[in-house]
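Q: What shape does this take:
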Amino acid sequence: MDPADTNEINEQLNDHVPEQEEELNHSDKMIGVFTEPGKTFDAIAKLSPKAMDWFIPVISFLIIAIISNFILFQNPEIKLQFDEMLDEKVAEVEAQFDEKVQRGEMTESEKETALEQTRGGMKFFTGPVMRSVTAVVYTFLGLFFMALVYFLISKFALKGEGTYSGTLIARGLPVYILVVQVIVIAILSMVMNKLLFDTSAASFLGAEKGTITSFLLGRIDPFAIWFYTVVGIGLAKMFKSDAIVKFIVMVFVFWIIGDLILMALGMGFG
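A: Residues are numbered from 1 along each chain as shown. Below is the predicted model:
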């Protein structure tokens with residue numbers, strides 16, 4: 001056989017050999033979330049899901065959030081604001097106890113005892129330690145629950161082809177954006193000597209919580225908008241869909257619905 005023919009056959013065989021997809025390391029994925037989320041999730045979707053792609057960002061978020069929490073409570077002005085908020089809550093409870101005293105359902109002595117227990121409980125559960133524990137629990141519960149919601153909608157309503165593991169990555173990897181948000185919140189809180197809970201217009205303008213105005217201003221949050229947009233892009237890529245806008249809209253709808261439910265529950269219990 002002519003050597004030229006052999007070379008031609010080899011070239012044809014090489015042309016049909018699929019190229020091995022090069023896996024991104026985690027630092028590339030972290031940077032990609034900020035710079036090129038579409039391409040980053042495209043590359044991740046072509047390989048088997050790795051739990052570390054959602055676990056590391058979430059753990060990083062919790063570590064930074066807990067550290068920031070303890071640092072902020074060392075600021076006298078911020079601690080004073082927090083104590084004032086606590087006093088307002090205790091005053092609301094005291095008003096309810098006063099009504100019970102007037103109706104003869106409890107004595108003045110019982111009211112004072114119950115009020116001290118309430119104040120002590122509030123201080124314990126809203127202190128840095130319990131706030132940190134609560135953050136861990138709610139962060140993981142929120143991650144798994146929302147990933148389940150996104151998975152069901154993406155698979156059955158939007159007809160995507162993906163897995164729950166992939167959904168966890170689409171929801172978890174963008175948490176690096178929230179890590180930056182926590183750092184920004186801590187810095188702004190220290191600079192402004194003001195206790196901020198997020199980077200929304202509601203926080204900066206001091207809108208009264210539980211009102212429609214506060215809710216609407218709360219949606220004007222650059223970091224939240226950025227985060228949920230990237231989550232939508234990630235879901236579209238992990239579910240092998242070109243309908244990116246549909247996935248982004250779905251994510252924003254559940255963000256708004258979820259916060260409306262929380263606001264309604266807060267008003268109900270308040």
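
Q: Model confidence score at Glu110, please.
A: Note on Glu110: pLDDT of 84.

Q: how far does the helix or strand harbouring it sit from the chain's center?
A: Using DSSP states H and E, Glu110 falls within helix 108-126. Its chain's C-alpha centre and that of helix 108-126 lie 32 Å apart, by CA atoms, centre = their mean, to the nearest Å.

Q: can you list contacts of the following helix or strand past it?
A: Counting by DSSP H and E, the element after helix 108-126 in chain order, helix or strand, is helix 128-152. With CB atoms under 8 Å, 6 or more residues apart in numbering as the test, helix 128-152 has contacts from 54, 58, 61-62, 65-66, 69-70, 73, 124-125, 162-164, 167-168, 170-172, 231, 235, 250-251, 254. C-beta here means a position set from N, CA and C on the backbone, and glycine is covered the same way.

Q: got the angle between helix 128-152 and helix 108-126?
A: Interaxial angle of helix 128-152 relative to helix 108-126 (axes from the mean of the first three to the mean of the last three CA atoms, to 10 degrees): 60 degrees.

Q: Give the buried residues for helix 128-152.
A: Going by neighbour count (16 or more other CB atoms under 10 Å), the buried part of helix 128-152 is 132, 139, 143, 146-147, 150-151.

Q: Next, format these as JSON lines and append pLDDT and distance to Ile78.
A: Output for the buried residues of helix 128-152, formatted as JSON lines (pLDDT from 0 to 100; distance: CB to CB, whole Å):
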{"residue": "Ser132", "pLDDT": "83", "distance to Ile78": "16"}
{"residue": "Thr139", "pLDDT": "93", "distance to Ile78": "22"}
{"residue": "Leu143", "pLDDT": "96", "distance to Ile78": "28"}
{"residue": "Met146", "pLDDT": "96", "distance to Ile78": "30"}
{"residue": "Ala147", "pLDDT": "97", "distance to Ile78": "33"}
{"residue": "Tyr150", "pLDDT": "97", "distance to Ile78": "35"}
{"residue": "Phe151", "pLDDT": "98", "distance to Ile78": "39"}
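
Q: show me where this protein has helices.
A: 3-16, 26-35, 37-45, 52-72, 76-102, 108-126, 128-152, 164-172, 175-192, 201-205, 212-218, 222-238, 244-269 (DSSP state H).

Q: And the third one, what does it pack against?
A: In this case it means helix 37-45. If you count contacts as 3 or more CB pairs under 8 Å, 6 or more residues apart in numbering; DSSP states H and E, helix 37-45 packs onto helix 26-35, helix 164-172, helix 222-238.

Q: hmm, try it at 6 Å
A: For helix 37-45, the contact count by 3 or more CB pairs under 6 Å, 6 or more residues apart in numbering; DSSP states H and E identifies helix 222-238 as packing neighbours.

Q: Now do the helix it packs on and helix 37-45, the angle between them.
A: Going by the same axes, to 10 degrees, helix 222-238 makes 40 degrees with helix 37-45.

Q: where's helix 222-238 relative to the chain centroid, distance-wise?
A: 11 Å.

Q: what helices or strands is that helix leaning on?
A: Using 3+ CB pairs under 6 Å, 6+ apart, helix 222-238 is in contact with helix 37-45, helix 164-172, helix 175-192, helix 244-269.

Q: Alright, that wraps it up for me.
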